[in-house]
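Asks: predicted model follows, preceded by the sequence.
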Amino acid sequence: QVQLVESGGGLVQAGGSLRLSCAASGRIFSPIAMGWFRQAPGKEREFLAAISWSGLDTSYADSVKGRFTISRDNAESTMYLQMNTLKPEDTAVYYCAARRGSWGPDIQYWGEGTLVTVSS
């Protein structure tokens, strides 16, 4: 099992920045791809970004491309999401996700989420 814990959420004004962290623990001894999702009130969970085990391969949703940057530090077992130029529509609960091997639709591990609120 792999446990994921998000942190770094909070209240920020529109145009501001936040950096989310996702700390992984547990049975991490094989390549694990990781990613970020979010869910706004009344909406479905939305994919934001993913990163391979090596960190060399990343992908982004069009809604955040150019504003958000995903990264990871395997030595610290931590993944990050740098969020810039935040908009009120970015308000949501942000979730960390992980999948053994390469990234794919069948997510195996989820964090509990961290709330990001962007005020106008």
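Replies: Great, that's in hand.
Asks: and residue 62, how close does it get to residue 69?
Replies: 15 Å (Cβ to Cβ, to the nearest Å). For glycine as for every other residue, the C-beta is placed from the backbone atoms N, C-alpha and C.
Asks: which one's more surrounded, these two?
Replies: Each of residue 62 and residue 69 has its neighbours counted (other Cβ atoms under 10 Å); residue 69 has more, 17 against 6.
Asks: quick one: average confidence on stretch 100-109?
Replies: Mean pLDDT, stretch 100-109: 92.
Asks: send me that stretch as CSV with only the CA atoms.
Replies: Presented in CSV, the C-alpha positions along stretch 100-109 are these (Å, rounded to 0.1, in the frame of the first residue of the first chain):
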residue,chain,number,x,y,z
ARG,A,100,2.3,1.8,-10.2
GLY,A,101,4.2,1.8,-13.5
SER,A,102,3.2,4.3,-16.1
TRP,A,103,0.4,6.8,-15.9
GLY,A,104,-3.0,5.5,-16.8
PRO,A,105,-6.8,5.7,-16.1
ASP,A,106,-6.9,3.1,-13.3
ILE,A,107,-5.6,5.1,-10.3
GLN,A,108,-4.6,2.9,-7.5
TYR,A,109,-4.0,5.3,-4.7
